[in-house]
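> Need the 3D shape of this:
(2 chains)
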Amino acid sequence: MRILQLHCDNITYEPTKKEIQSAEEIDPKSVSIDEVVVCFVAVEKDDNEDIAKDAISQIQESMKKIGCQKLLLYPYAHLSSNLASPSTALSLLKLMESQSEGLDVSRAPFGWTKSYNVKVKGHPLAESSKVITSDSKKEKTSTALESESKIKSYWYIMTTDGEMQELDKFNFTSHKKLESLAKYESVKKRSVDEPPPHVALMKKLAIADYEQASDQGNMRFFPNGRLIKSQLEQYVTNMVKQYGGYEVETPIMYDSHHPSMESYFNRFPARQYSIDSEGKHLFLRFAACFGQFLMAHDFQLSYKNLPYRLYELTRYSFRREQSGELVGLRRLRAFTMPDCHAFCKDMPQAVEEFRTRFDLSRNVLSGIGIEQDDYEMAIRFTEDFYNENKELIIETVKKIGKPVLVEMWKERFFYFVLKWEFNYIDNSGKASALSTDQIDVENGDRYGIEFIDEQNKPQNPIILHNSPSGAIERVMYTLLEKASTDSREGRKPQLPLWLAPTQVRLIPLKEEFLDLGKKISDLLSKNNIRADIDDRNESIGKRIRDAEKEWIRYILVIGEKESISKLTIRDRNTSNEREMNSDELVNEILSQINDKPFSSLNLPLLVSKRPIIQV
RNA sequence: GCUCCGAUAGCUCAGCCUGGUAGAGCGUUACAUUGGUAAUGUAAAGGUCGUGGGUUCAGAUCCCACUCGGAGCUCCA
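Numbers count the residues shown, from 1 in each chain, chains lettered A, B, ... in the order given. This is a model prediction of the structure:
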């Protein structure tokens, strides 16, 4: 439907003769209206009642803005070369007329040649055109997203002895964060009046920032941020490979008309980015599921191969979250997610695998520096699954050692029967999911993934979907929020040593000690330690202050008293100075990093050579 | 997506209500200073006041739209 909308001082029209046979029967007399919005309307092929209703509501909205009550609907075929049949057009126009509540509406006769005079007002909003199609009407949402709100959930708290208590009966006194999560999830009650502290930190530490030239929720990462992110990515990948995941890489965009996509689309409640290219309607992946399922579909699998695990670190997964939801690194539209699927031959094997991955997820978080006290667990399952697997669920809750939030569904609505996640509760009381795992009983069949069982019969595997850490950006958000809590409670904020962009800062007292500084930094980098040198012509006090502001753990002032075998070390943890030789320093640092990955310094060695990335 | 709030120097912000010469601190640059564990001194440069339009003799300031950011709502398998 195409509409030309004009805010007029006056319109005068007069039907002169019938243009088509099906023209309305009217008395052809001249009509004049003052202070009116005239909408010239062309109804096009494929227009329907929804489009007509949408059109009239858009018209109502803009009329409210310009403060006009009178509307004239004026059939006007010349706006389009793809017209609907006259009967459809007339009925939709009549529908629009009847839907114009609160407006003083009239309609020019359909099917007549008319002469007319208009005097259009001169303000900026007086003229506008609208094209209304089913696409522009409403964003496409998957049916899963639409029906999600209709699901009936029952909420409980499960204590470590396996008892399920109703939310309002549970005593949250010593479980404040769990209470936040429970309220957050079940009642949806929140109140915050300031941005989360990690947003300022990610800018101040030159980690990441918004990129206005991209879409909202697509961040850019500066050298510091990229280093931290890369370290985390390597760490999680190493851990998954140790557990038995095989790393793959799959496309980031898919044809939405591919048969396996169409049905999955409607089962995964996420909004997509779409791209039209050469007649194809492509969408950007919102997880690694499809890629891995399509791959597994083409594998020839025997029950002897299972469990089999595919892993991908998606850079990126895309979810077009509502704009109002996007905040810093907590919630993005493009994010990096480790995604590991385990294909299992039956439920007992899936349950065994589930246990392993639960432990994996806890170890991964703990290695990053996010401990059990930092998160609250939620577990969700169908009633049937609970009745058949009580022991597993209670055992899982016991491992966490504190009460967890339970959501139970009477019937299975999603493709999984069980799902858990760890939620970090931030300084604003907001919950964000980190690690998660699900037991999927549907997609093996949907994607035609088959293995041959002991009886030589094809079967569909049960699939577990695990992200052992959750989105990498969200892990960074968690670390920054934790640091901010530390700072608020009087402790020095810091990142884990293995993630620090600079681990050791050398400060030569004056220029003549720069060479010694370079020798020490060489020695440290040979030992996989990130050291740099503040060679700027600033006072010692100033340079120490700047290093402290960058959260650098070890600061070494280098002057007459120092040599390779005698270093004076200022430790940020204590603010005290200690003396040791270079070997002792290397050992102290490496012993804290032990099995973590290493990336070399991602900055110029000399601070004087660095641009300021203060945003 | 909706409602409300915001956008001024590289950064953090003042000025806006009540229209008339664009301000501070930090940072940057230059010079001096060569230092011992959280801010050395002096000087200079640096701004289409987010974008577009309107009102006005005159708009950073008042009005409208848009973009981006924030809070709330909705949402977050």
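> okay, the helix or strand hosting residue A:482 in PDB with CA atoms only?
In this structure, residue A:482 is located in helix A:472-488 according to DSSP states H and E. Extracted C-alpha coordinates of helix A:472-488, given in PDB (Å, rounded to 0.1, in the frame of the first residue of the first chain):
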ATOM      1  CA  ILE A 472      33.500 -14.100  26.000                       C
ATOM      2  CA  GLU A 473      32.400 -10.500  26.100                       C
ATOM      3  CA  ARG A 474      30.100 -11.300  29.000                       C
ATOM      4  CA  VAL A 475      33.000 -12.900  30.800                       C
ATOM      5  CA  MET A 476      34.900  -9.700  30.400                       C
ATOM      6  CA  TYR A 477      31.900  -7.800  31.600                       C
ATOM      7  CA  THR A 478      31.800 -10.000  34.700                       C
ATOM      8  CA  LEU A 479      35.500  -9.500  35.400                       C
ATOM      9  CA  LEU A 480      35.100  -5.700  35.200                       C
ATOM     10  CA  GLU A 481      32.000  -5.700  37.300                       C
ATOM     11  CA  LYS A 482      33.700  -7.800  39.900                       C
ATOM     12  CA  ALA A 483      36.700  -5.400  39.900                       C
ATOM     13  CA  SER A 484      34.300  -2.500  40.300                       C
ATOM     14  CA  THR A 485      32.800  -4.200  43.400                       C
ATOM     15  CA  ASP A 486      36.300  -4.700  44.800                       C
ATOM     16  CA  SER A 487      37.000  -1.000  44.300                       C
ATOM     17  CA  ARG A 488      33.700   0.000  45.900                       C
END
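> and that helix, how far from the chain's centre?
Relative to the chain's own centre, helix A:472-488 is displaced by 17 Å; criterion: Cα atoms, centre = their mean, to the nearest Å.
> Show the average pLDDT along it.
Helix A:472-488 shows a mean pLDDT of 93.
> contacting residues around the following helix or strand past it?
Of the helices and strands lying after helix A:472-488 in sequence (DSSP H and E), the nearest is strand A:504-508. For strand A:504-508, contacts defined as Cβ atoms under 8 Å, 6 or more residues apart in numbering pick out A:514, A:516-517, A:520-521, A:524, A:529-535, A:540, A:543-544, A:547, A:550, A:552-559, A:585, A:589. Heads up, the C-betas are built off the backbone N, CA and C, glycines and all.
> What is the helix or strand following strand A:504-508 packed up against?
As assigned by DSSP H and E, the chain's next helix or strand after strand A:504-508 is helix A:514-526. For helix A:514-526, the elements it packs on are strand A:504-508, strand A:531-533, strand A:554-558, helix A:582-593, judged by 3 or more Cβ pairs under 8 Å, 6 or more residues apart in numbering; DSSP states H and E.
> ok, now with 6 Å
strand A:504-508, strand A:531-533 (3 or more Cβ pairs under 6 Å, 6 or more residues apart in numbering; DSSP states H and E).
> Chain neighbours aside, what residue packs nearest to the residue most central in space within chain A?
In chain A, the C-alpha nearest the mean C-alpha coordinate belongs to residue A:332, at 3.9 Å (Cα atoms, centre = their mean). Counting by Cβ to Cβ, 6 or more residues apart in numbering, residue A:332 lies nearest to residue A:217, which is 4.6 Å off, once chain neighbours are set aside.
> Now do the same contact list for that neighbour.
When contacts are counted by Cβ atoms under 6 Å, 6 or more residues apart in numbering, residue A:217 is found next to A:326, A:332, A:333.
> ok, of those residues, which one's closest to residue A:78?
residue A:333 (40.7 Å; Cβ to Cβ).
> which strands and helices sit next to the strand or helix carrying residue A:349?
Element membership for residue A:349, per DSSP H and E: helix A:347-368. If you count contacts as 3+ Cβ pairs under 6 Å, 6+ apart, helix A:347-368 packs onto helix A:223-243, strand A:334-344, strand A:431-440, strand A:462-467.
> how about these in CSV, adding distance to RNA strand B, mean neighbour count and mean pLDDT?
Shown next, in CSV, are the helices and strands packed on helix A:347-368 (distance: least, Cβ to the nearest atom of the strand, whole Å; neighbours: other Cβ atoms under 10 Å; pLDDT from 0 to 100):
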stretch, distance to RNA strand B, mean neighbour count, mean pLDDT
helix A:223-243, 15, 20, 96
strand A:334-344, 8, 24, 96
strand A:431-440, 4, 22, 94
strand A:462-467, 5, 26, 96
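> Export these to a markdown table and append columns for distance to residue A:609.
Formatted as a markdown table, the helices and strands packed on helix A:347-368 follow (distance: least, Cβ to Cβ, whole Å):
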| stretch | distance to residue A:609 |
| --- | --- |
| helix A:223-243 | 13 |
| strand A:334-344 | 29 |
| strand A:431-440 | 37 |
| strand A:462-467 | 39 |
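> quick revisit: ok, which of the helices and strands packed on helix A:514-526 comes nearest RNA strand B?
Nearest to RNA strand B among the helices and strands packed on helix A:514-526 is strand A:504-508; the distance by Cβ to the nearest atom of the strand comes to 7.7 Å.
> Can that closest one be said to contact RNA strand B?
No. Between strand A:504-508 and RNA strand B, judged by Cβ under 7 Å from any atom of the strand, nothing touches; the nearest distance is 7.7 Å.
> how many degrees apart are that strand and helix A:514-526 in direction?
170 degrees (axes from the mean of the first three to the mean of the last three Cα atoms, to 10 degrees).
> Can you show me the CA trace of strand A:504-508 as CSV?
Only the C-alpha atoms of strand A:504-508 are listed here, as CSV (Å, rounded to 0.1, in the frame of the first residue of the first chain):
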residue,chain,number,x,y,z
VAL,A,504,55.3,-5.8,34.6
ARG,A,505,55.9,-2.0,34.1
LEU,A,506,59.6,-0.9,34.2
ILE,A,507,60.3,2.7,35.1
PRO,A,508,63.9,3.8,34.4
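> Spell out which strands sit alongside it in the sheet and which way each one runs.
Using DSSP bridges, the strands paired with strand A:504-508 are strand A:531-533 (parallel), strand A:554-558 (parallel).
> In chain A, where is pLDDT below threshold?
In the predicted model of chain A, residues A:46, A:65, A:81, A:122-125, A:133-151, A:184-194, A:263-270, A:614-615 satisfy pLDDT under 70.
> What ranges does the stretch 51-200 of chain A have for its helices?
With DSSP state H, counting those that start in this stretch applied, the stretch 51-200 of chain A shows helices at A:86-98, A:134-137, A:143-148, A:176-182, A:198-204, listed in chain order.
> could you dump the ones you listed to TSV with mean neighbour count and distance to RNA strand B?
Listed next are these as TSV, based on neighbours: other Cβ atoms under 10 Å; distance: least, Cβ to the nearest atom of the strand, whole Å:
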stretch	mean neighbour count	distance to RNA strand B
helix A:86-98	18	21
helix A:134-137	12	11
helix A:143-148	13	4
helix A:176-182	20	10
helix A:198-204	19	6
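> Run a quick neighbour tally on residue A:29.
7 (other Cβ atoms under 10 Å).
> Out of the strands paired with strand A:504-508, which gets nearest to residue A:379?
Per Cβ to Cβ, nearest to residue A:379 of those: strand A:554-558, 41.9 Å.
> in which helix or strand would I find residue A:33?
With DSSP H and E as the test, residue A:33 turns up in strand A:31-42.
> how about the residue in the stretch 201-350 of chain A positioned nearest to RNA strand B, secondary structure?
At 2.1 Å from RNA strand B, residue A:324 is the closest residue in the stretch 201-350 of chain A, using Cβ to the nearest atom of the strand. Put simply, residue A:324 is helix when judged by DSSP: H, G, I helix; E, B strand; the rest coil.
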